[in-house]
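K.L.:
Here is the input, now give the coordinates:
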Amino acid sequence: MSAHRVLFFVQHLRGIGHLKRTAVLARTVARDGIEVDIISGGAAVPDLDIGAAGFFQLPPVKSPDDSYSRLVDESGAPATPELRRRRRAQLLAHVVARRPDMVIVEMFPFGRSQIRDDIVALVEAARAMRPRPWLVSSVRDILPTKRTPERYEEMADDAEAYFDFIMVHGDKALVPFEASFPPAARLEGKLRYTGYVTGAEAGAAREGEKEGEGARKEEGEGDGEVVVSGGGGAFAKGLLETALAARGLSRLSSRTWRLITGPNFEDGDFRALEAAAPAGVVIERTRRDFPELLQRAAVSVSQCGYNTVMDILTSGARAVVVPYLNGRQTEQSLRAECLAARGVVRALSGDAITPDALARAIDAAAAGAPADAAGIDLDGAAKSARLIKGWLETGRRR
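P.N.:
Sure, this is the predicted structure:
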């Protein structure tokens with residue numbers, strides 16, 4: 001039995017990126033012989049690779065729209081107080097039963113205010129253990145814009161009060177945390193930049209992985225294609241429809257165009273895409289071999305979410321990104337701006353995309369150089385695992 005036990009708590013509300021990044025971290029940490037559990041509060045994600053980690057599913061809740069102002073259950077009904085109490089009871093019971101040496105909370109206090117009471121209860125339960133486990137916040141490179149300066153300060157207050165360390169899964173030289181979190185200097189002693197977390201990094205190192213296991217690698221699939229992907233799918237409808245309209249305007253119109261919607265794409269919208277797709281266009285929900293498809297593609301077209309960008313950087317794909325932009329959701333725009341400034345991708349404005357503009361960008365990308373990640377730290381999974389192991393080896397907090 002492992003000498004150490006780590007518990008990850010993650011709550012994804014619309015997309016799937018947070019859970020996928022947590023899965024990469026969990027399976028990488030587990031390779032060191034550390035016992036790892038993931039507790040997930042969001043909807044199930046098909047084909048989630050957690051390696052040797054354990055998985056505990058709470059009754060899922062999600063946000064029904066991109067306002068993130070309310071929560072619903074699996075059926076779309078409002079999340080009742082009874083459901084919320086049941087979820088919290090299960091969460092706390094699991095923590096008490098497992099008695100972890102470290103609790104890692106994804107995104108909070110820099111997000112997840114919708115379930116703040118649940119997370120605070122989790123942290124307080126951990127703090128009551130003797131000796132108490134290490135408490136670590138795990139956060140991506142860029143945060144959404146907050147409504148007021150006071151909100152940033154409240155988040156910094158929570159970070160100071162509840163956590164020993166904050167792992168920022170990004171590269172300070174590309175995007176410093178203060179670019180999206182102004183009071184970052186208050187947390188300087190707790191912040192640890194890990195570099196970017198890529199699925200390819202952890203997947204390549206798994207022992208006993210079989211070539212092609214769980215994937216569909218048919219001869220010729222992806223070769224020279226235009227691969228248009230929607231990430232989790234919740235925000236992808238506009239991009240996918242525009243890409244379909246752009247095909248006839250592109251010099252690559254004779255190539256196969258593969259549209260991958262993501263698991264959260266609405267069923268009715270999926271059927272409409274299938275009905276509108278002419279010969280030479282393939283419509284799919286998911287591809288477990290997505291990074292391999294990008295390696296063989298002529299051009300990748302996508303939004304600019306964290307995990308999709310990691311797939312672009314590790315595959316070296318020629319890429320066009322159209323960042324999702326809605327109100328305070330400026331995370332993807334900042335990431336796209338930083339990558340475009342380095343010449344890594346071609347970026348279009350997500351709120352002004354047209355079929356003609358997208359076709360021109362695709363043609364330019366096809367004629368240009370592949371994505372070059374030189375100088376960007378992509379060692380995030382391994383560095384995170386080393387940090388976690390180092391903290392564990394010092395023992396629990398007394």
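K.L.:
Could you use CA atoms for every contact and neighbour count after this?
P.N.:
Noted.
K.L.:
what bits of the stretch 1-150 of the chain have low per-residue confidence?
P.N.:
Low-confidence segments of the stretch 1-150 of the chain, defined by pLDDT under 70: 1-2.
K.L.:
what do you get if the cut-off is 90, keeping everything else the same?
P.N.:
1-3, 14-17, 32, 45-47, 64-69, 144-147 (pLDDT under 90).
K.L.:
For the stretch 151-300 of the chain, which segments count as helices?
P.N.:
For the stretch 151-300 of the chain, the helices defined by DSSP state H, counting those that start in this stretch cover 199-205, 237-246, 267-276, 290-296.
K.L.:
Using JSON lines, lay out those helices together with mean pLDDT, mean neighbour count and distance to residue 380.
P.N.:
Compiled in JSON lines, the helices of the stretch 151-300 of the chain are given as follows (pLDDT from 0 to 100; neighbours: other CA atoms under 10 Å; distance: least, CA to CA, whole Å):
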{"stretch": "helix 199-205", "mean pLDDT": "52", "mean neighbour count": "16", "distance to residue 380": "9"}
{"stretch": "helix 237-246", "mean pLDDT": "96", "mean neighbour count": "20", "distance to residue 380": "29"}
{"stretch": "helix 267-276", "mean pLDDT": "96", "mean neighbour count": "13", "distance to residue 380": "34"}
{"stretch": "helix 290-296", "mean pLDDT": "93", "mean neighbour count": "21", "distance to residue 380": "17"}
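K.L.:
Please state the offset of the one helix or strand residue 95 maps to from the chain centre?
P.N.:
Using DSSP states H and E, residue 95 sits in helix 81-98. Centroid separation for helix 81-98 versus its chain: 25 Å, with CA atoms, centre = their mean, to the nearest Å.
K.L.:
hey, where'd the strands end up in the stretch 101-250 of the chain?
P.N.:
Per DSSP state E, counting those that start in this stretch, the stretch 101-250 of the chain carries strands over the ranges 102-106, 134-140, 165-169, 191-193, 226-229.
K.L.:
Would you mind writing the CA trace of the longest one as PDB?
P.N.:
This points to strand 134-140. The C-alpha trace of strand 134-140 is given here as PDB (Å, rounded to 0.1, in the frame of the first residue of the first chain):
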ATOM      1  CA  TRP A 134      -1.500  19.700   2.900                       C
ATOM      2  CA  LEU A 135      -4.000  21.900   1.100                       C
ATOM      3  CA  VAL A 136      -3.200  22.900  -2.400                       C
ATOM      4  CA  SER A 137      -5.100  24.900  -5.000                       C
ATOM      5  CA  SER A 138      -4.700  23.900  -8.700                       C
ATOM      6  CA  VAL A 139      -5.400  26.600 -11.200                       C
ATOM      7  CA  ARG A 140      -4.900  27.100 -15.000                       C
END
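K.L.:
Tell me how far that strand lies from the chain's centre.
P.N.:
With CA atoms, centre = their mean, you get 15 Å for strand 134-140.
K.L.:
Stretch 4-17 too?
P.N.:
Relative to its chain's centre, stretch 4-17 lies at 10 Å (CA atoms, centre = their mean).
K.L.:
Between the two ends of it, how far is it?
P.N.:
The straight-line separation of the ends of stretch 4-17 (CA to CA, to the nearest Å) is 27 Å.
K.L.:
what's the angle from the helix holding residue 95 to strand 102-106?
P.N.:
Interaxial angle of helix 81-98 relative to strand 102-106 (axes from the mean of the first three to the mean of the last three CA atoms, to 10 degrees): 150 degrees.
K.L.:
so what does helix 81-98 touch, helix or strand wise?
P.N.:
Counting contacts by 3 or more CA pairs under 8 Å, 6 or more residues apart in numbering; DSSP states H and E, helix 81-98 packs against helix 116-127.
K.L.:
in the helix it packs on, what's buried?
P.N.:
By neighbour count on 16 or more other CA atoms under 10 Å, the buried set for helix 116-127 is 118-119, 122-123, 126-127.
K.L.:
Can you give me the domain boundaries for this protein?
P.N.:
Domain assignment for the chain, taken from automatic domain parsing, gives 5-196+378-393, 226-367.
K.L.:
For residue 16, which residues are in contact?
P.N.:
Shown in contact with residue 16 (CA atoms under 8 Å, 6 or more residues apart in numbering): 45, 231-232.
K.L.:
List phi and psi for it.
P.N.:
Dihedral pair for residue 16: phi -120, psi 0, per degrees, to the nearest 10.
K.L.:
roughly how far apart are it and residue 170?
P.N.:
From residue 16 across to residue 170, the span is 18 Å (CA to CA).
K.L.:
if I pick residue 303, what's in contact with it?
P.N.:
Each residue near residue 303 by CA under 8 Å, 6+ apart is listed here: 229-231, 236, 239, 321-324, 332.
K.L.:
Does residue 193 touch residue 165 like I think?
P.N.:
No. With contact defined as CA atoms under 8 Å, residue 193 does not count as touching residue 165 (10.6 Å).
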